[in-house]
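>>> take this sequence and fold it.
(chains A and B)
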Amino acid sequence: MPDLDPERKEIAEALRRQVASENELTASQARAFVRGLQTGWDVPTIQWGEAETREQYTDARRLLNAASILQSVDGRDSSEARLCYRRSGEILEWLSRAHDDLSTTVSLELLAAAAYQLGGSPAMASALLAQVDETKPGERLYAQFLRADFDGVILSVSDFWRANLVITDRAAQQRLIQEGGDDKVGWFVTVELIRVLGLISDSLRRGEEERLALATRKLAALEKLMIRTFSDEISLFLTLLHQVAVGFAEASIYAPIRLLSQLNEERSPRLERFARGQFRQGRGILWASQRQGLGRLLEKDSFALCTPTGSGKTLVANLALVKELMLRAEEDGPLALYLVPSRALASEVEAKLSSELSNDVIVTGLYGGTDWGVTDYWLDAEEPTVLIATVEKADALMRYLGPLLLRRLRLLIVDEAHQVVLEDNERTQDDFAEHSSRSLRLEAFVSKLLTRAPNIARVALTAVAGGAAGPVSRWIEGSENAEPVGSDYRSTRQIIGSFETNPGGAGRMLLEILNGKPLFVRGRDDPVYINLRTPPMPQLPAAMRNSVNRFNQLNVLWTALHLASGGRRILISLAQQPERTMGWYKDALQLVSWAEMPGFALPDDNDDRQRYEDARAACVDYCGEESYEVALLDHGIASNHGQMPQRIRRVMVDLIDRGICPVTVATATLTEGVNLPFDIIFVPSLMRRSFNAAEERQVENRISTAEFRNLAGRAGRPGAGSGLEGITLVPIPARPSTTARSTLRTQRRQIAAMEEDWRLLRQSLLAEELEQFDIDSPLALLLDGIAERARELLDIDGEDFLAWLEEVLPPDVSPNAGRASEDELARLADSIDELDGVLLSALEELQRVDDAGLEGAAAEEALAALWSKTFTVYAAAQEAWMGAAFIRRGQAVLEEIYPEREERSRLYQYGFTPHVGRRFEAVVPSILERLRDTEDYGTANDADRLTVFRELGELLEDDRGFGFRVRSTETDQAILANWENVLSWWMHAAGHEAPEPQALRSWQRFVSDNLEFRLGVGLGAVVARAWSDGVDGAIVVPSLDAWRATTGLPWFGFWARELLRWGTLDPFVAFALAEGLVGTREAGEQLRPEFNAWLEEQRQKIESDDLIDPQLFLEWKGSRAVRAERRVRRRTLNATLSGTDGRRGQYAVIPVVDDGIIHWFDAAGFALARSDEENSPFRGLIHRDDFQLRINRGGPIVRQTYSGSA
Amino acid sequence: MHSCAPPIDVLEERFEEYATVNGGLGHTLLEQIEADDGALAHALREYFESAHLDARTRFHSFVGIDLHPDGDGVAPVVTYPGSLPSTTRRGLFGEVLAGLLTESYEYIGAHNWNVPIFLFRYHDDAANYLFTLARDPTQTRQTIGRLGTDFIGLSLNDDGEVVRIISGEAKWRLTLTQAKVDDVMLGKKAKGSAVRSGKGVWRDLNKEPSPPSGARQLLELLREYDSDGFDSAILCLERALVVKDPAPIPKTDLIVFAGNGRAKREKGERLLPWEGVPDEYTAGNDLQIVEVVLQGGEDLIDTIYASLWENGEDA
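Below you'll find the predicted structure:
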């Protein structure tokens, strides 16, 4: 009927436009949505009549019909049809959430879930069904199927067959239909449907295409039968069910896995197991974004995948690793580098990759203190290896081992690659001058790598909004025509709005943005709101309520704790000064009027309880018994900020991730790329304030839309019960909290400012959704910043500027160069030094490739090649002069500014920018000398050990360039003056003084910025130099064996950075913590005697350095490991055939245990064999495993062919 | 598809017709002149086979797929509708009868009715099993929700567009009495009460949506079988099912009541209204009632069903 197709399509599209525009609700849909939300929040709902329910239901049904027309005209993949299904799912979901009873035969939830699946929103289907407590076994079965819980389906059908053993023989089918009973057809159809669903589910998870096709054919036949012989609704449901099943078969991970296997057939069994494992984890059915990503992976080596948080991009990254490391690599030890933006993300990625690939691939996260350490066995391993590292770490590694790495490198994965994009503002320029721009480091690192290893495969993972995806994909593919693959598929609904904190009343949520579009109900001026029913916060004491900010944040905590008691997970995300808020919270929690607050219940689960106890102990260890951290933890509130010791950050993340702590207060560092389960995120302040000491002025920066977007993207738990919406709210007081007349005006002004901040942010969030805009790249901004300052400060412009740039040295521009001074000329000098850093390291690395000199035309060519690999070239906003400036400055660096090859090599090795490095070089001999002089560190007492660190610190103390640097605030200056006490406290030396709770974070900041980072970097640079001098520039794989002889340093040199990282003077304690043998430093100290006793048994004479010899630590650890008895688990069981003559030789079977017998069933419900349960080695949740009945010569046996628990 | 013309001559010969139209109500009483000697059953056989062919094919395809791992995917087929229980067959009979009469006799409005395909929605009473996953024959007669109309027919214009839909209920009762008819039309009385529940056919007709439940299924079948031949009809039905506030397709509601006459029945006796639209019916469509009074109806049904495809061939 093609003649009428256009007309038919128009009918369907008209409805689609009318009621299913993407991200746009009609007035009555918005009302239905809000009503559903209100019911969920247990607050009074808007007025609503039965006729409206009926009308919405009819619309949902119309949309299903429209979808079916669109599919019949455009094919199954019609995107318009998908939109119809999705909106239909939404409407049905809203009605069901409001508990509407339409007396439908099939529950609204099941219909909604099916529509969501067909609309390409599987996570919504799962989340919705997770909320429903199905009472009838049939509803449960269909719900399990519709949320792709195939293990659940197998469990349900097993229960069914156990209760109906009499119909599990082969003749049962005929018997059922031939015997009497008016109800026999209904029963027959039911039984057959159970057979079909069981067989589809089992075949899907095993990847058995033939059986799957047969079962799907039967389901199709049932659908056709039902259209004729059952009511409209049931037949509709069967149609949807059938389509979902077809969709599952199409989206099974086995399909791309098998295509991938063709690259290397030998690996095929391993890949099959990988696919099976994905099904085990509920991820076997791919989401649309994953299918797109895998499609691209099969077709190309390099590409950018652009998808929002929670759309399953990890899988694509995993398979890229499999492809490059396991399938294509022909040499031993292929390597992949996985770049992440933060150490926290490194550990998350490491955990994820390890859980799936660790049997085949060495997965190692490089986020320790040292550039390489005791666990770096991968260096000379033959297995494929994935290194997960921050750019900083990768850079350091490259300096150490560049050529070794490059030789093995096959794949680069850049996670959160959009972070290469920067905002053009003052902060960005300051970061350049202070050598702390992560974006620039990322651009420089990847560009250098691509220049040196242009043939490695590259995968970039990026966010959708913000305009980065296009340029990033062109950059990563190295092609102007490259397009990112992906979609803006959101697995959960995203709501952004504000939260009115109300003195004396409950708060009100104003929901303003839904999935990036304004949410409003037509005919009403107010935004959509939900009045919470939390009890009003008691009036605060005057000191607390007189600060409107404090009131606001306390009100948020009050609300959060009440919402948490309803099962929600809440993050309070702070822009800055977390310690202040944490102090406020601690004080408030001690108020008598807060005593009625819902209490924090320790987890029931023993494991979780132990984790909580361990975390608390670690917190006491590092933060102190009286600290805010411990006080909040006692109320179930986790905290996290960038200055926290790594160990504490990791345990906190663990508590949040496992839902042990329902409320979290943290800065944005927590959520940089890391997924944690939050339903609601409160963002109490949108401004960051800092002080520019040189100009004595306050600098205010609104948090960027990118940062806010990233944050909002973390709200929502895909697939979780309360995960239908992720809500991000900006709390703003409804009115002043003070009762003092004198502060009323101030508070009114402050509130107005908060409202204005929110209005502006909201505006740019909405604007960015609409338009594609030019983005800025780090190198362009750096060059531009230098040019602009040269123009403003020195009046140099145009060609003069380029000529000037060819000869100027940073100290010529300002005597303060390299000292992190805040005056403008020094900033200019430091920005030039930053550029030189990029250039010098690139040139040095290029020179190391063939160890040849690089000069003249060759240098120009090399620099031009490097420039052509930069992100800047592919980003929209670059100007022609920039490339010239970059190349000419590069030549100047080589020929004029740092003309000595050996000096360049040393400066490169230090890792500082070259001018800072030159200045640092002056202290290198003193540091080296001090390090050499630590031969008796192993036997020294605390005081002497501390003296070593103090003396090393003194060498750096006074230089803001490479040494200690603090802000010019009084507090920080006082800490600098007192830094030796801070060192003593941090290193846990005997008799140290601890900070007061309110001072803790500034002490922590000093530790992380100056002791861990700056002192650590300085020591690392010197040790690297010692190594490099020791091997005389040759490339040698570092080994513990050769370390001491090569560097000429005692073991202290090896440990120094690690000790600063863990905050201990004893390398043994650092080792024990790093290896996870203990959870606190105290426990590490208590373990020390065990090592000493072991050592005494080993040796007659013990040198001081033996006490801190990492090789001996490892040996001791090995001796200590209880030899886990290698018990070979039996995987087979004898069986007796019962429903087959065994003609096929082997059968896929599922276990149905009943009364001491394991019945082995075909998944379609046919008993095939049986075994005695008594002799069975198969225990536990075996419905999740795969079994195969085999007819061997010795008789039938059943073999476990897949066990997820093994 | 159903394509067999009704054996009108035989029907006229074997039944006496009393047809009236009063206002919005058409009423046709058909009295079987004498018990069937086999000729009527014989004449109806082809029509019944044609009406059942589609469902039979689908039933056979479904049953014919064997999921047992030792099988080759093909199971021996059990015949449909022969293997259905007799209660079910009586239900099916009513549905086919409704189509037969609609295609054979003139109803109110004198429209030309076409039944392209028969829907046999007779198993829903057992659809509870789909949710309980447990068989309990005592529970099966408690139907869940409304099953939808028993029968749908279309009136098409020269361009093939749907200009009117007829849908309704077909009821079979062994013996037709006023009490039984009232039970069906007005709902049963609760135990010990003289008041009827109201849950009867009148209520169902009054609540019937437009287009009627089942229109989607009919549409699916037209698409499946002859999307070219019925393209205009398909478009009309799609419009009715998709467009918000569509121009409604006019509708005729049909009630077919069939059974044996009671012992003392007098000729021409009607048990359902015929002189005007009853107060109970408020849907406002044209209403057509057909009462069919048989002699030895159950034998007729059994004979017909025993004869269907008795040679084992689907043709």
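>>> backbone dihedrals for residue 118, please?
If you meant another chain, say so; for now it's chain A. Per-residue torsions, A:L118: phi -70, psi -20 (degrees, to the nearest 10).
>>> that answer is for a different chain, and I need it for chain B
When read as degrees, to the nearest 10, the backbone of B:F118 gives phi -100, psi 130.
>>> what residues are up against the spatially closest residue to it that is not a sequence neighbour?
Spatially, and ignoring its direct neighbours in sequence, B:F118 is nearest to B:A51 (4.8 Å; C-beta to C-beta, 6 or more residues apart in numbering or on different chains). Placement of C-beta: from N, CA and C, glycine included. Shown in contact with B:A51 (C-beta atoms under 8 Å, 6 or more residues apart in numbering or on different chains): B:H2, B:C4, B:V96, B:G99, B:L100, B:V115, B:F118.
>>> which helix or which strand is home to B:A51?
helix B:39-64 (DSSP states H and E).
>>> quick one: furthest residue from the center of chain A?
A:G180 (59.7 Å; C-alpha atoms, centre = their mean).
>>> show the contacting residues for the spatially closest residue to A:E392 that is not a sequence neighbour.
Leaving out its chain neighbours, the residue that sits closest to A:E392 by C-beta to C-beta, 6+ apart is A:R441, at 6.6 Å. A:R441 makes contact with A:V391, A:E392, A:D395 under the criterion C-beta under 8 Å, 6+ apart.
>>> so which of the residues you listed belong to helices?
Here DSSP state H is the test, and the contacts of A:R441 give A:V391, A:E392, A:D395 as lying in helices.
>>> check contacts around the first one.
Counting by C-beta under 8 Å, 6+ apart, A:V391 makes contact with A:L339, A:P341, A:R438, A:R441, A:L442, A:F445.
>>> top of those residues by neighbour count?
A:L339 (27 neighbours; other C-beta atoms under 10 Å in any protein chain shown).
>>> surely it touches A:L442?
Yes. At 7.3 Å, A:L339 and A:L442 qualify as touching, with contact defined as C-beta atoms under 8 Å.
>>> overlap in contacts of the two?
Common neighbours of A:L339 and A:L442, using C-beta under 8 Å, 6+ apart, are A:V391, A:V414.
>>> what pLDDT does the residue nearest to A:E392 get?
Here, the pLDDT recorded for A:R441 equals 95.
>>> any idea how far the helix or strand hosting it is from the chain center?
Counting by DSSP H and E, the element that carries A:R441 is helix A:438-452. Averaging C-alpha positions (C-alpha atoms, centre = their mean, to the nearest Å) puts helix A:438-452 22 Å from its chain's average.
>>> just the pLDDT for A:G1156.
Here the pLDDT value assigned to A:G1156 is 92.
>>> ok, now which ones touch it?
Counting by C-beta under 8 Å, 6+ apart, A:G1156 touches A:D1172, A:E1173, A:E1174.
>>> for A:V548, same thing?
Residues in contact with A:V548 (C-beta under 8 Å, 6+ apart) are A:P733, A:P736, A:S737, A:T738, A:T746, A:Q747, A:Q750, A:I751.
>>> show the average pLDDT along the helix or strand harbouring the last one.
In other words, A:I751. Counting by DSSP H and E, the element that carries A:I751 is helix A:741-770. For helix A:741-770, mean pLDDT rounds to 87.
>>> which stretches of the stretch 351-500 of chain A have low pLDDT?
A:366-380, A:464-466, A:488-489 (pLDDT under 70).
>>> hey, where'd the strands end up in it?
Using DSSP state E, counting those that start in this stretch, the strands of the stretch 351-500 of chain A run over A:362-366, A:385-390, A:409-414, A:457-462, A:485-486, A:493-501.
>>> and for the closest residue to A:S704 other than its chain neighbours, the neighbour number?
Excluding the flanking residues, the one nearest A:S704 by C-beta to C-beta, 6+ apart is A:E423, at 5.4 Å. Residues lying near A:E423 (other C-beta under 10 Å) number 16.
>>> dump the contacts of A:G1156 into CSV; add distance to chain B, pLDDT and neighbour count as well.
Shown next, in CSV, are the contacts of A:G1156 (distance: C-beta to the nearest C-beta, whole Å; pLDDT from 0 to 100; neighbours: other C-beta atoms under 10 Å in any protein chain shown):
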residue, distance to chain B, pLDDT, neighbour count
A:D1172, 23, 93, 13
A:E1173, 23, 91, 16
A:E1174, 27, 90, 8
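>>> domain parsing for chain A?
A:1-132, A:135-252, A:262-486, A:493-770, A:778-909, A:924-1120, A:1132-1202 (automatic domain parsing).
>>> may I have the distance across the second one, first residue to last?
Spelled out, it's domain A:135-252. Terminal residues of domain A:135-252 are spaced 30 Å apart (C-alpha to C-alpha, to the nearest Å).
>>> ok, the shortest one next?
Across domain A:1132-1202, the straight-line distance between its terminal residues is 12 Å, by C-alpha to C-alpha.
>>> least trustworthy helix or strand in chain B by mean pLDDT?
Scoring the helices and strands of chain B by mean pLDDT, DSSP states H and E places helix B:129-132 at the bottom, with a mean of 87.
>>> gap between it and the chain center?
Its chain's C-alpha centre and that of helix B:129-132 lie 25 Å apart, by C-alpha atoms, centre = their mean.
>>> quick check: what element follows it along the chain?
Per DSSP H and E, helix B:129-132 leads on to strand B:151-156 as the next helix or strand towards the C-terminus.
>>> tell me which residues of the following helix or strand past that following strand are tucked away?
Moving toward the C-terminus from strand B:151-156, the next helix or strand (DSSP H and E) is strand B:162-176. Residues B:V162, B:R164, B:I165, B:I166, B:S167, B:G168, B:E169, B:A170, B:K171, B:W172, B:R173, B:L176 are the ones in strand B:162-176 that count as buried (16 or more other C-beta atoms under 10 Å in any protein chain shown).
>>> contact partners of the helix or strand just after strand B:162-176?
Later in the chain than strand B:162-176, the nearest helix or strand by DSSP H and E is helix B:178-186. By C-beta under 8 Å, 6+ apart, the list of residues contacting helix B:178-186 from outside reads B:171, B:173, B:196-198, B:200-202, B:257, B:259, B:271-272, B:280.
>>> what sits against A:A994?
Contact analysis of A:A994 by C-beta under 8 Å, 6+ apart lists A:G624, A:W985.
>>> give me the element whatever residue of chain A ends up closest to chain B is part of.
Residue nearest to chain B within chain A: A:G186 (1.8 Å; C-beta to the nearest C-beta). Element membership for A:G186 (DSSP H and E) is helix A:184-206.
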